[in-house]
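[1] output the structure for:
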Amino acid sequence: MDGHSTQHYLARMTQASKDDTDTAADLTWRLLDAMLAEAPFSGWSRSGLRRATRDAGLSEGEALIAAPRGVIDLLDAWHVQADTAMVAAVQDAAGQKIRVRATLAVRTRLEAIAAHKEAARRAAITLALPGNAPEAVKMGWRTADLAWRAMGDTATDFNWYTKRTILAGVFTTTFAFWLQDDSTDHADTWAFLDRRIENVMQFEKVKAKVNEMRAKLPDPVGLLTALRYGRQPRP
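    Residues are numbered from 1 along each chain as shown. Predicted coordinates:
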């Protein structure tokens, strides 16, 4: 997600949080609420969407306005809600160490959907379908990008991709663990998350040392050129 796309998404998040009735956004949230109640029984399916439409008191036309692509748009809207909570929590923790804020980002996002854990389990199944995989990747990448931006990341080089790929992996594996976790208050999940974050921090330390070592190595092209033409290589 580039800077322009992220700004557009953040603007959408802000607009989506407003309590404006008789708008497309309001219809989306009404339908999403009904779908979250229905999904544990029917999954994120067309039949479940029809029942949710009825339970939300919407017409078929209003449901189409609320979610033109059906359940995918509702899943995306649910991601908007969770991302909103995540960004707010991370920004409130400004000044804390990256480790703390990265942990907070993942934990807050899971806590934002915890009231609908079975719906989340069904959502994971739906997004794992081959036709929905691109949407799942886009949502996951967007979440990782928003988390890093909330942490104040301004990287524009290859680290931009590395950081987001790593954090997306932490999100994914912790989410999978959380779905199977029946410990009190998900204590096992938070311990698992701490271990994953620790692994990431160790990787960052190793990467920093490798980069430092590389900076001290002689330029291989210059060295070979010097040897080829009999010149002394630069120190």
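[2] what helix or strand is M139 on?
    helix 133-150 (DSSP states H and E).
[3] quick one: contacts of that helix?
    The contact list for helix 133-150 (CB atoms under 8 Å, 6 or more residues apart in numbering) reads 1, 6, 9-10, 72, 75-76, 79, 82-83, 86-87, 90-91, 101-102, 105-106, 109, 127-128, 155, 163-165, 167-168, 171-172. (C-beta placed from N, C-alpha, C; glycine too.)
[4] go through it and flag the buried ones.
    Across helix 133-150, burial judged by 16 or more other CB atoms under 10 Å covers 135-136, 139-150.
[5] quick check, central residue of this structure?
    With distances taken as CA atoms, centre = their mean, T143 lies nearest the centre of the chain, 2.4 Å away.
[6] distance check, that residue against M35.
    From T143 across to M35, the span is 20 Å (CB to CB, to the nearest Å).
[7] how about Q96?
    Per CB to CB, Q96 is found 35 Å from M35.
[8] those two - which one has more neighbours?
    Shown here are Q96 and M35; by other CB atoms under 10 Å, M35 has more neighbours (28 against 14).
[9] if I pick that one, what's in contact with it?
    W44, G48, L49, A52, V71, L74, A119 are the contacts of M35 under CB under 8 Å, 6+ apart.
[10] from those, which single one is nearest W29?
    Nearest to W29, judged by CB to CB, of the contacts of M35 is L74 at 9.8 Å.
[11] these two touch, right, that closest one and L31?
    Yes: counting by CB atoms under 8 Å, L31 is a contact partner of L74 at 6.4 Å.
[12] show me where this structure has strands.
    Counting by DSSP state E, the chain yields no residue ranges for strands.
[13] still on that earlier bit, which members of the contacts of helix 133-150 occur in helices, if any?
    Among the contacts of helix 133-150, the residues falling in helices (DSSP state H) are 6, 9-10, 72, 75-76, 79, 82-83, 86-87, 90-91, 101-102, 105-106, 109, 127, 163-165, 167-168, 171-172.
[14] just give me the neighbour total for S47.
    Close neighbours of S47, defined as other CB under 10 Å, add up to 10.
[15] with R164 instead?
    Around R164 there are 23 residues (other CB under 10 Å).
[16] any weak-confidence spans in this protein?
    1-22, 203-235 (pLDDT under 70).
[17] residues shared between the contacts of L74 and L31?
    By CB under 8 Å, 6+ apart, the residues touching both L74 and L31 are A66, A67.
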